[in-house]
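Student: Compute the structure for the input listed below.
(chains A and B)
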Amino acid sequence: MKKFILYIGFCALVIPAASAQVYITRTGVIQFFSKTPMEDIKAENNQVYAAIDLSQKTMAFSMLMKSFLFRKELMQEHFNENYVESDRYPKSLFKGTFTGDVDLQKPQIYNIRVQGVITLHGVEKSISTPATLEVTADGLTGTARFNLLPQDFDITIPGIVRDKIARQIDVQVKISCKPVN
Amino acid sequence: MRKKIIIFLAVALVCLAVAWYWYNKPREDISGKNTQLFISAALLYEGYHSDETAADERFLNKVIEVKGRVDDIILNGNDAVLMLGMQPGGGGISCFFSPASSLEMNHIKEGMEVVVKGKCTGFNMDVNLTDCIIIL
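Tutor: Got it, this is the predicted structure:
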C-alpha cells in the first residue's frame, strides 16, 4: 500500500531492517491528566504516530505538541507558549525497546515492559514503564500509563498556578496499529 | 466614603468576572474563525515536504481551508481522523474531527472531494490539522 511507504523511512529511524513484523499507526492517542484539589486538567492528542517492530522488539512514537487539545483555550495557549514552548520544540518523541514475549498466533493481551528515551521540550529522559500489547484480528493494540514530572523536562511552573498543576502528570497511551504490508 | 467602597467592590467584582470568563473560556469553535488561507492538499503537503521551516512560516497556527480527496477515515470512539489527499510519497493531510458525527452528518465517504477547515499544527509524517470541520 503506497500510503505506508513513508513509514519505512520512519521505521528506519529505529528499525535497522524493515522486517515483516512492523506495525504502525498515525492515529494513536496520548492523554495526560493533572489532578489537584484546585483543578483537573486533561489534554488529548489523537494524531500520534507510532511504529512497533515485534521481531526487533523496538518501538517509536512521534507527535506534535500543538496537536494536544485542551477544553479551555487559555490552558492550551499557556501549555504551548509557556510550558512546552511548542514553537521552539514542536515535536515530542519516544524511542525504545520492550521485553516480554508476544505470540502473534495467540490473540490475547500480553504484559510487557517498555524502556527508552522520551524527548520533550528539547530534553531527553529515560523512562521504563509496564505496558500491554494485545494481538487482535487486524493488528496490535498497545497501552501504557506512566507519570512524568515537568521539572525533569526543564518545564517550570510559575508560583501563581503552582497549586493548580499536579507535581506528577499522569500520561496514558493507546495505539491501535496495523501491519505494514 | 461608603459610596467609594461600593464602587470599589463593584469594579473588583467586574474584574473578577471578566478574569473568570477568560480563564474558563472553552476552546473556540473553528467555524467562528476567519479562514486565513486556501490551498490544495497536494500543495500544502508539498510545501511541508520540501521545506518545513518555510512552510511553518506560511501555515503554522493558521486557520486554513484545504481541498483534497478523502483517502481514509479512522474512527476512534467519538473522534475521527480523516486522511486528505495522500501523496505518492505516502504522506498527506491528517485532519482531526471531534465529534466524529460531523463527518456522518455531511455524508463524508472515502473517495469524495472535500474542503476541510482546520488549524495547522505542523508536520509529522503528515501535515496535521486540528479542530476540523467540513466546508464542502
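
Student: how about the strands in chain B?
Tutor: B:37-40, B:63-76, B:79-84, B:93-97, B:113-124, B:126-134 (DSSP state E).

Student: buried set for stretch A:36-54?
Tutor: Under the neighbour-count criterion of 16 or more other Cβ atoms under 10 Å in any protein chain shown, stretch A:36-54 has A:41, A:43-54 buried. All C-beta spots, glycine's among them, are computed from the backbone N, C-alpha and C.

Student: Kindly provide the whole-number mean pLDDT of it.
Tutor: The pLDDT scores in stretch A:36-54 average 95.

Student: again, but for stretch B:79-96
Tutor: Mean pLDDT, stretch B:79-96: 93.

Student: how close does A:I118 sit to chain B?
Tutor: 16 Å (Cβ to the nearest Cβ, to the nearest Å).

Student: Oops, could you answer that again for A:I160 instead?
Tutor: The gap separating A:I160 from chain B is 12 Å, by Cβ to the nearest Cβ.

Student: Identify the residues contacting that residue.
Tutor: A:I160 sits next to no residue when contact means Cβ atoms under 8 Å, 6 or more residues apart in numbering or on different chains.

Student: Surely it forms part of a helix?
Tutor: Yes: A:I160 forms part of a helix when assessed by DSSP: H, G, I helix; E, B strand; the rest coil.

Student: Just the pLDDT for it.
Tutor: We have a pLDDT of 84 for A:I160.

Student: returning to what we had before: closest to B:E113 out of the buried residues of stretch A:36-54?
Tutor: Proximity of the buried residues of stretch A:36-54 to B:E113 was ranked by Cβ to Cβ; the top entry is A:Q47 with 22.5 Å.

Student: The closest one contacts B:L82, doesn't it?
Tutor: No: applying Cβ atoms under 8 Å as the test, A:Q47 and B:L82 come out as separate, 11.2 Å apart.
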